[in-house]
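> got a predicted structure here, sequence first:
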Amino acid sequence: MIVQPSSLRDRTTSSRMVAADDVEASLRRMLGDDAVRSDEAERDYYAHDIAGRGTIPPSIIATPRNIADACEIVRLTVQAGRAIVPRGGGMSYTGGYQAAEDGAVLLDMRALDRIDEIAEKDGYVIIEAGCTWAALYDALAERGLRTPFFGPLSGVAATVGGALSQNAAFFGSGQHGVSADSVLGLEIILANGSLLRTGSWAAKDHAPFQRAYGPDLTGLFLGDCGAFGVKARVALKIQPIPRTEFASFAFPDGAALVGAQVAMAGLPGLAECFGFDPVANENLMRGGFSFREKAEALSDIAQATGGIRGLLAAAGVGARRMAFLDKIEHSLHVVADGPDGAAARETIEKARAIVKAHGGGEIPDSIPRATRAKPFRPIKALLGPDGELWLPVHGIVPLSQAHAALDSVHALLAKTSADRERLGVRVSMLTALVGHAFLIEPQFFWRDALGPFHQRHVTPAQRERYGSQAANTEARAFVHALRGRMAAALDGSGGAHFQIGRYYDYRTGLAPAADEALLGVKAVFDPTFRMNPGALGLAGHKTSSDLQRRP
Ligand SMILES: Cc1cc2nc3c(=O)[nH]c(=O)nc-3n(C[C@H](O)[C@H](O)[C@H](O)COP(=O)(O)OP(=O)(O)OC[C@H]3O[C@@H](n4cnc5c(N)ncnc54)[C@H](O)[C@@H]3O)c2cc1C
């Protein structure tokens, strides 16, 4: 259903065309000066993501305070022929919100953070897209509820809209897949400023209790990187908070770890299943938890687990002082959710048997226990333990390709070991189950200057210690080149990607019919190609004849 927000009809700008030069003045009139920024420092900050600076900064940063304002910003920007670039928490690293042309208006969605409705009986929650996963988690937990997928590790800052636009995965993903799989319906701002609802929500006066209602319009906007429209509101499934059990394991080599992970896929209730290589284990122990944070983690565990059981679990973690991973080669961390403790314990028992068959042994479960006790903590991971910049790349492969894909990454690492050593570039490896697929995420670390994004988002202690370290352009260029080769190697192993943004080569690999369909869908929702041009490899076409050829 396409609805006109009622307040739009009264707006002074709503019925007239705005010339490109007038966009800023119109936005200032509509939103007020404090919600419209165009000074050089802000434009430079918004030109950066975690991976670095995009080539063209946005001209204007607009911060809507309600959905009607957001619709009107989109409408008048697109009518003036300028690009709209949506941004949530800004926690991504694939250029997804980096403008690709001059004059772009960046739509900062973070003030649209309301939780509109928690319909417990009907099993859905409606939130505005700028709400963070942490805020949603806390609000639902107060009522004993949770969404099935319940956030990426960056959920203290990452928004629901940003995660759905990138198919984010982590908490709950072993069992419930990517963020998209927990969605019931969307309310999308289209390029003409109207609102489109999907699923059962699309029917007049229907609630968003059901995604399957005719063709899946919802799915078109999931993982679209904002190229088809701006998510204004989202309806997600909710469920009672399950009972949870934990286990961690050590393996003598990476192949044994991966073998066990692959064998665990499909275990009922396997909510998270993530593995670390030795570099990741060492990083976590050196930079993961400060003394104060360890104490906080213990108290979180005690509170989350409750009563005597909680105190015992926390005491167990404390006694082991969470400082054992640096002695371990490869580690695997498993979280099982069940309707009751017995079901969750049964999953863990099955995981134990698989580990034994793959030559692994059990270690204290401090990591998954502390992670789940408080899933969303302030983000420290933007820097490595010695102040290095951090930059991931990933591929998601079928289970049958897990070993081969990892081998292709290791072959690249072996080939580049001398250069990595010389330039001080370290690479750690995260592997995880996402539903019935296997995620491989190499993460790069190198010493370099902190740009405007990092200066704003690292912790105060990190800024004080590492804020003025020198630029290291040679290592940076090397990391970006090797990152690209790894993405290609993962593609070559049949890999797909979640956070396509402007980084992964999505369209080249598409079959012609699929690419044509993609362009057709784009043209329906955004006929002048003004919504986040460049994302998904869809450049800023303007006429229908342009649609005949690829950018
Ligand atoms: C420390 C750390 C840990 C991370 N852990 C994970 C993890 O566990 N799993 C994972 O998948 N990722 C992870 N990430 C990557 C990233 O945080 C996630 O992908 C996250 O979902 C991005 O959300 P965001 O709100 O920050 O989106 P942004 O970075 O602001 O935007 C991402 C994309 O979505 C688009 N977009 C944003 N909002 C909207 C909207 N309302 N409508 C339409 N398009 C929109 C943008 O244009 C852009 O293309 C991590 C990042 C960091 C820094």
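Everything's here; your move. From a predicted model like this one, the values you see are computed outputs, not experimental measurements.

> in contact with the residue of the stretch 151-300 of the chain found nearest the ligand, which residues?
Among the residues of the stretch 151-300 of the chain, residue 162 lies closest to the ligand, at 2.2 Å counting by CB to the nearest ligand atom. Every C-beta, even on glycine, is put in place using the N, C-alpha and C of the backbone. Contacts of residue 162 were listed using CB atoms under 8 Å, 6 or more residues apart in numbering, and they are 87-92, 109, 168.

> residues from the stretch 51-200 of the chain in reach of the ligand?
Residues of the stretch 51-200 of the chain lying close to the ligand (CB under 6 Å from any ligand atom) are 86-92, 96-97, 109, 129, 152-154, 158-159, 161-163, 165-166, 168-170.

> take the residues you listed and keep only those in helices.
Residues of those located in helices (DSSP state H): 161-163, 165.

> the helices in the stretch 301-450 of the chain, which residues?
307-320, 341-357, 366-373, 402-415, 417-423 (DSSP state H, counting those that start in this stretch).

> now do stretch 157-167: distance from first to last residue.
Counting by CA to CA, to the nearest Å, you get 16 Å between the two ends of stretch 157-167.

> sorry, that was for stretch 121-131
The first residue of stretch 121-131 is 22 Å away from its last residue (CA to CA).

> can you give me the buried ones in the strand or helix carrying residue 524?
Using DSSP states H and E, residue 524 maps to helix 512-525. Buried positions in helix 512-525, judged by neighbour count with 16 or more other CB atoms under 10 Å: 515, 518-519, 521-523, 525.

> can you list the residues of this structure near the ligand?
50, 86-92, 96-97, 109, 129, 152-154, 158-159, 161-163, 165-166, 168-170, 225-226, 230-231, 379, 381-382, 498-499, 501, 532, 535.

> emit the PyMOL select command for whichever of the residues you listed are buried.
Selection command for PyMOL covering only the buried members of the residues of the chain next to the ligand, criterion 16+ other CB under 10 Å:
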select buried, resi 50+86+87+88+89+90+91+92+96+97+109+129+152+153+154+158+159+161+162+163+165+166+168+169+170+225+226+230+231+379+381+382+498+499+501+532+535
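
> give me every residue that touches residue 501.
So residue 501 contacts 92, 94-96, 166, 225, 535 (CB under 8 Å, 6+ apart).

> nearest to the ligand among the residues you listed?
For the contacts of residue 501, the nearest to the ligand is residue 96 (2.4 Å; CB to the nearest ligand atom).

> what's the nearest residue to the closest one if we skip its chain neighbours?
residue 501 (3.3 Å; CB to CB, 6 or more residues apart in numbering).

> how about residue 525?
residue 228 (4.8 Å).

> does that neighbour touch residue 222 like I think?
No. Contact between residue 228 and residue 222 fails when scored by CB atoms under 8 Å: they sit 9.8 Å apart.

> distance of the residue in the stretch 351-500 of the chain that the ligand sits nearest to from residue 487?
Residue of the stretch 351-500 of the chain nearest the ligand, by CB to the nearest ligand atom: residue 381 (4.0 Å). Distance of residue 381 to residue 487, given as CB to CB, to the nearest Å: 20 Å.

> residues of the helix or strand residue 484 falls within that come out buried?
For residue 484, the enclosing helix or strand under DSSP H and E is helix 473-492. Of the residues in helix 473-492, 475-476, 478-479, 482-483, 486-487, 489-491 count as buried by neighbour count, 16+ other CB under 10 Å.
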